[in-house]
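>>> The sequence isn't on hand, but the structure is:
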């Protein structure tokens, strides 16, 4: 059975490669979707690699509708070709060959943002800002050329290996301007489409700002505001007002960011931001200056690379995942990469994208597999989650480690022992989550692991905050971090 991906609705397998499309020599098939097939090729005249996106001829059949489709596809490909911006995938050529339409575009090596959102991984707030700043910059340029993207979603946002965002699929951005209503589902993604698109009303650039609001909510909270199948998502977009992003457990949002999300998600276009630059400025006003980045951090790129590589959106080259780093401590064993990958997979349901960093750190300080598993359980997980992890480890890698017994409660009548586990320390879980978000702004997603560990050992808020400052490392301004933590309520 062929692999599938939410952005690739059809199987990747198929007929043999065409030798060339237009003037381009075809080298491989890199994706397939409901609209067509994407190939990797090369321009033989200048030896430039290209991605060649084709449109399925069957979608263009139907008399006058077919003529409209060809006309609008050509117009929009030409419009996209005029967009010159570092955060937009460049379009080189529109062409026709044997009745098949194609667009030759910039071939960018990287992974889509879906590598993060689809795997349940999270970005730190500065990296969320880096995504949104670059996306809104790109959309402002496109909108000034009267090109609306109409399908902003993680699968259409490519992150390059140097942390830059590339918006793709502008070549068919306004194909729905033609009279092909039966294809509306193909041209939009449930949950990201603005209400006016569902209602069949005349749409403008503000449909992209609505999708930006959906994406921002998803990056801040880890979940999209409108979910379910296509029919359920449509009903929610049309009728449901999602709760403030900051009310979600583990959210990075604040009341100021809640206001930005809410305005972008307004049901009426006139209640949204007037343009991408206005939304961009509102985001800048909603966060501290030190939370603003303009490219994704090395930590975020490492997180994306650690996510298992599956089928990527059809225009994306797959970056190889990074294997666990070898141990460096004297006396530590030379770990088999496959074994560490197994342990990381066992830990991922509880820690997500930071699992790899936790496993590598523990491997440098452990002399055996049983010691490694025990160290991870005791240091990275709250007591309530250790038994489940140890049971999975015993079944998967054959290591039996007994969980540590819970500390005894004080025997004296009326005495109450404070157990060193998350939720039973003097710090409430909500405070631990807030502190983790502050720390994440300095050191990235691994902050939640440090916060859990510090909370498990602390007996006072002061000790908790000081431990977090210690764990932040010498690169972080300790006084500034502590000042931020003490402002939490």
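Thanks, I have it. If you're wondering where the values come from, they're calculated on a predicted model, not measured in any experiment.

>>> Which pLDDT value belongs to residue 73?
Model confidence at residue 73, expressed as pLDDT, equals 62.

>>> hmm, I was thinking of residue 347
80.

>>> Could you do residue 131 as well?
97.

>>> Quick check: which element contains it?
Under the criterion DSSP states H and E, the helix or strand holding residue 131 is helix 125-144.

>>> buried stuff in that helix?
Under the neighbour-count criterion of 16 or more other CB atoms under 10 Å, helix 125-144 has 125-143 buried. For every residue, glycine as well, the C-beta is placed using N, CA and C.

>>> Quick check: the closest residue to residue 129 other than its chain neighbours vs residue 224, distance?
Nearest residue to residue 129, sequence neighbours excluded (CB to CB, 6 or more residues apart in numbering): residue 292, at 5.1 Å. According to CB to CB, to the nearest Å, residue 292 and residue 224 sit 24 Å apart.

>>> More neighbours: which of the two?
Set residue 292 next to residue 224 and count neighbours by other CB atoms under 10 Å: residue 224 wins out with 21 against 15.

>>> can you give me the helices for the stretch 301-450 of the chain?
With DSSP state H, counting those that start in this stretch as the criterion, the stretch 301-450 of the chain has helices at 337-351, 355-363, 369-380, 383-397, 429-443, 447-457.

>>> max-length strand in the chain?
strand 24-32 (DSSP state E).

>>> For the following helix or strand past that one, what is the distance to the chain centroid?
Toward the C-terminus, strand 24-32 is succeeded by strand 37-43 as the next helix or strand (DSSP H and E). The chain centre lies 26 Å from the centre of strand 37-43; the measure is CA atoms, centre = their mean, to the nearest Å.

>>> distance of residue 469 from residue 458?
Taken as CB to CB, the span from residue 469 to residue 458 is 12 Å.

>>> sorry, that was for residue 261
Distance, residue 261 to residue 458, using CB to CB: 33 Å.

>>> for residue 339, same thing?
Shown here: residue 339 relative to residue 458, a distance of 33 Å by CB to CB.

>>> Of the two, give the one with the bigger neighbour count.
The neighbour count for residue 339 versus residue 458, taken as other CB under 10 Å, is higher for residue 458 (21 against 16).

>>> Report pLDDT for the nearest residue to residue 196 once chain neighbours are set aside.
Spatial nearest neighbour of residue 196, excluding adjacent residues (CB to CB, 6+ apart): residue 203 at 5.1 Å. Model confidence at residue 203, expressed as pLDDT, equals 86.

>>> Residue 203 contacts residue 197, doesn't it?
Yes: at 5.5 Å, residue 203 counts as touching residue 197 under the criterion of CB atoms under 8 Å.

>>> between those two, what contacts are shared?
Counting by CB atoms under 8 Å, 6 or more residues apart in numbering, the common neighbours of residue 203 and residue 197 are residue 150.

>>> Okay, and residue 105 sits in which element?
strand 100-106.

>>> What pairs with that strand, parallel or antiparallel?
strand 48-54 (antiparallel), strand 91-97 (antiparallel) (DSSP bridges).

>>> lowest-confidence helix or strand of the protein?
helix 184-187 (a mean of 41; mean pLDDT, DSSP states H and E).

>>> Just name whatever secondary elements the helix or strand that that one is followed by is in contact with.
Proceeding N to C from helix 184-187, the next assigned helix or strand is helix 195-198, under DSSP H and E. Helices and strands touching helix 195-198, by 3 or more CB pairs under 8 Å, 6 or more residues apart in numbering; DSSP states H and E, are helix 206-221, helix 230-239.

>>> Go through the ones you listed and find the least confident stretch.
helix 230-239 (a mean of 86).

>>> For that one, report the contacting residues that lie outside it.
In contact with helix 230-239 (CB under 8 Å, 6+ apart) are residues 185, 190-191, 193-195, 198-199, 225-228, 242, 267.

>>> can you redo these as TSV with distance to residue 29 and neighbour count?
As requested, the contacts of helix 230-239 are arranged in TSV below (distance: CB to CB, whole Å; neighbours: other CB atoms under 10 Å):
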residue	distance to residue 29	neighbour count
185	24	12
190	27	20
191	29	21
193	29	27
194	33	27
195	37	19
198	33	16
199	37	10
225	35	22
226	33	21
227	32	12
228	32	13
242	39	21
267	41	15
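
>>> hang on, isn't residue 356 packed against residue 337?
No: using CB under 8 Å, residue 356 makes no contact with residue 337, being 11.3 Å away.
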